[in-house]
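Colleague: any chance you can model this:
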Amino acid sequence: MAERIVHCVKLQKELPGLDEVPFDTELGQRIFDSVSKIAWAQWAEHLKMIINEYRLNPATLQAQELIIKQMEAYFFGDGAALPPEYVAPQ
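Modeller: Here you go, the predicted structure:
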């Protein structure tokens with residue numbers, strides 16, 4: 001079976017898309033339709049930074065809501081804002 005190609009909204013080029021919808025919501029479908037595997041992997045790394053910098057517990061509803069907002073901004077907005085105290089690794 002041929003690999004599914006999408007026009008990646010994050011990287012602005014045609015790239016292989018995700019193999020399945022990441023979660024069963026409208027946002028999950030939008031991500032499936034227009035985010036590449038590469039951009040999704042980059043999001044996973046960005047998410048680690050968000051969890052660590054904000055000291056989130058992903059099991060809480062409040063953390064999940066923040067993560068969803070950040071995810072939507074990362075892919076479909078101006079990009080997720082870094083926490084004010086964030087210092088990039090050297």
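Colleague: residue 67 and residue 49 touch, don't they?
Modeller: No: with contact defined as Cβ atoms under 8 Å, residue 67 and residue 49 do not form a contacting pair (11.8 Å). In this view, the C-beta of every residue, glycine as well, is placed from N, C-alpha and C.
Colleague: in stretch 10-19, what counts as buried?
Modeller: 10, 15, 17-18 (16 or more other Cβ atoms under 10 Å).
Colleague: give me the pLDDT value at residue 77.
Modeller: In this prediction, residue 77 carries a pLDDT score of 88.
Colleague: separation between it and residue 47?
Modeller: Between residue 77 and residue 47 the distance, using Cβ to Cβ, to the nearest Å, works out to 15 Å.
Colleague: those two: which is more packed in?
Modeller: Using other Cβ atoms under 10 Å as the criterion, residue 77 and residue 47 rank with residue 47 on top: 17 against 12.
Colleague: show me the strands in the protein, by range?
Modeller: In the chain, strands defined by DSSP state E lie at 5-7, 14-16, listed in chain order.
Colleague: packing partners of the last one?
Modeller: Yep, that's strand 14-16 we're talking about. Of the remaining helices and strands, those touching strand 14-16 by 3 or more Cβ pairs under 8 Å, 6 or more residues apart in numbering; DSSP states H and E are strand 5-7, helix 37-53.
Colleague: can you rerun that using 7 Å?
Modeller: Counting contacts by 3 or more Cβ pairs under 7 Å, 6 or more residues apart in numbering; DSSP states H and E, strand 14-16 is packed against strand 5-7.
Colleague: tell me which residues in the strand it packs on are buried?
Modeller: So strand 5-7, judged by 16+ other Cβ under 10 Å, has buried residues residue 6.
Colleague: go ahead and name everything in contact with stretch 12-22.
Modeller: 3-8, 28-29, 31-32, 35-38, 40 (Cβ atoms under 7 Å, 6 or more residues apart in numbering).
Colleague: so who does residue 51 touch?
Modeller: Under the criterion of Cβ under 7 Å, 6+ apart, the contact list for residue 51 reads residue 58.
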